[in-house]
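# A structural model of the following input is requested.
(chains A, B, C, D and E)
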Amino acid sequence: MCGRFTQYFSWQDVHAYASLSSTPVDLSPRYNLAPGQQAAVIRDAVDGRRLSMLRWGLIPFWAKSPDIGYRTINARAETARSKPAFRAAYRARRCAVPADGFYEWARIGSRKQPYLVVRGDAPLMLLAGLWEQWRIPDGQTPTKALGGRQAGDVLETFTILTTEANEAMAPVHHRMPVLLDTELLTPWLAGEDVPLEPCRNELLTILPVSTHVNNARNDDPDCVRPLAALI
DNA sequence: CCAGACGTTGTT
DNA sequence: GTCTGG
DNA sequence: CCAGACGTTGTT
DNA sequence: GTCTGG
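Modelled structure (predicted):
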């Protein structure tokens, strides 16, 4: 699956890699971005391809409370087209999540060994995603998750599509995010059908990292520092 | 008809 | 909002 | 995703 | 066990 990732790239990096047309935004480096937090997301708008900050965990427009967002950080690529929580977004609200890499955990008994997964051929990857708008209903008790927003405000959220692990990922975990090749970015954002399959094995470099990353409070370069070979 | 779910992962 | 189960 | 809380009363 | 916060 995909439950943590990094966004420590520069604006110049992502602007060039994803052919953005919008003006620069301030990007603070993230080495350990967790569900429920704001992340930079690529979307097509009337004025071009933009980078915006959205909350991770898709809340369907019909939801009565934001709680479902804790369980919609991922959408299965095999079924997202038809699931009530995702189908409207699948039709009309595509996005791509730029990342330097993502984390997966291998469970060995009670131990959780984290791995950082990066592309060997590029500094960035694009994770296929969907986004949604949720209007905070009257009487909704304000939680941290709403980030100070009020009833009537619109919260924009997103999810990351997952698929089965390829052979490179399989020893670590049985699911992984869907990676979009750059030539698929335009058709994906436009709502066209593109193959949502496990990426080629050779594309990925899988590096064991310290359990420092397990605690989401830790958001520093130690999270991405590779350990001596372990796999 | 109304009520209640709507999601993923992993683990048992 | 829309579908399924009762 | 993982880590950590999970409760009440009263007082500051 | 389950939910919230990071």
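# Close to DNA strand D: what parts of chain A are there?
For chain A, the residues in contact with DNA strand D (C-beta under 7 Å from any atom of the strand) are A:1, A:3-4, A:34-36, A:70, A:73, A:105, A:107, A:112, A:211, A:214-216. C-betas here are computed from N, CA, C, even on glycine.
# now the strands for chain A?
In chain A, the strands defined using DSSP state E lie at A:5-7, A:30-33, A:38-45, A:48-56, A:74-76, A:94-99, A:101-108, A:111-119, A:125-135, A:154-164, A:175-177, A:204-208.
# Neighbours of whichever residue of chain A sits closest to DNA strand E, how many?
Closest approach between chain A and DNA strand E, counting by C-beta to the nearest atom of the strand: A:Ala216, at 2.9 Å. The local packing of A:Ala216 (other C-beta atoms under 10 Å) involves 15 other residues.
# Got the phi and psi for the residue nearest to it when sequence neighbours are not counted?
Leaving out its chain neighbours, the residue that sits closest to A:Ala216 by C-beta to C-beta, 6 or more residues apart in numbering is A:Ala34, at 4.1 Å. Backbone geometry at A:Ala34, expressed as degrees, to the nearest 10, gives phi -110, psi 160.
# Can you read off the pLDDT for A:Leu230?
Looking at A:Leu230, its pLDDT stands at 52.
# got it, and A:Gly109?
Predicted confidence (pLDDT) for A:Gly109: 82.
# Let me see the contact set for it.
By C-beta atoms under 8 Å, 6 or more residues apart in numbering, no residues touch A:Gly109.
# how close does it get to DNA strand B?
Separation of A:Gly109 from DNA strand B (C-beta to the nearest atom of the strand, to the nearest Å): 9 Å.
# ok so, going back, could you look over the strands of chain A and pick the most buried one?
With neighbours taken as mean count of other C-beta atoms under 10 Å, those reach their highest mean count in strand A:94-99, at a mean of 25.
# is any part of that one close to DNA strand B?
No - Strand A:94-99 does not reach DNA strand B (C-beta under 7 Å from any atom of the strand); its nearest approach is 14.9 Å.
# got it, and stretch A:65-75?
Yes - judged by C-beta under 7 Å from any atom of the strand, stretch A:65-75 and DNA strand B are in contact via A:Ile68, A:Tyr70, A:Arg71, A:Thr72, A:Asn74, A:Ala75.
# Tally up the residues packed near the spatially closest residue to the first one that is not a sequence neighbour, please.
The shortest distance from A:Ile68 to any residue other than its chain neighbours is 6.2 Å, reached at A:Ile59 (C-beta to C-beta, 6+ apart). Look at A:Ile59: counted by other C-beta under 10 Å, it has 26 neighbours.
# wait, what's in contact with A:Ile59?
So A:Ile59 contacts A:Pro66, A:Ile68, A:Gly69, A:Thr72, A:Glu132, A:Trp134, A:Leu155, A:Thr157 (C-beta under 8 Å, 6+ apart).
# if I pick A:Leu116, what's in contact with it?
Applying C-beta under 8 Å, 6+ apart to A:Leu116 gives the contacts A:Thr6, A:Gly101, A:Phe102, A:Tyr103, A:Ile206, A:Leu207, A:Pro208, A:Val209, A:Val213, A:Cys223, A:Val224, A:Pro226.
# Got the confidence number for the residue nearest in space to the middle of chain A?
The centroid of chain A falls nearest to A:Ile160 when counting by C-alpha atoms, centre = their mean (4.7 Å). In this model, A:Ile160 is scored at 98, pLDDT.
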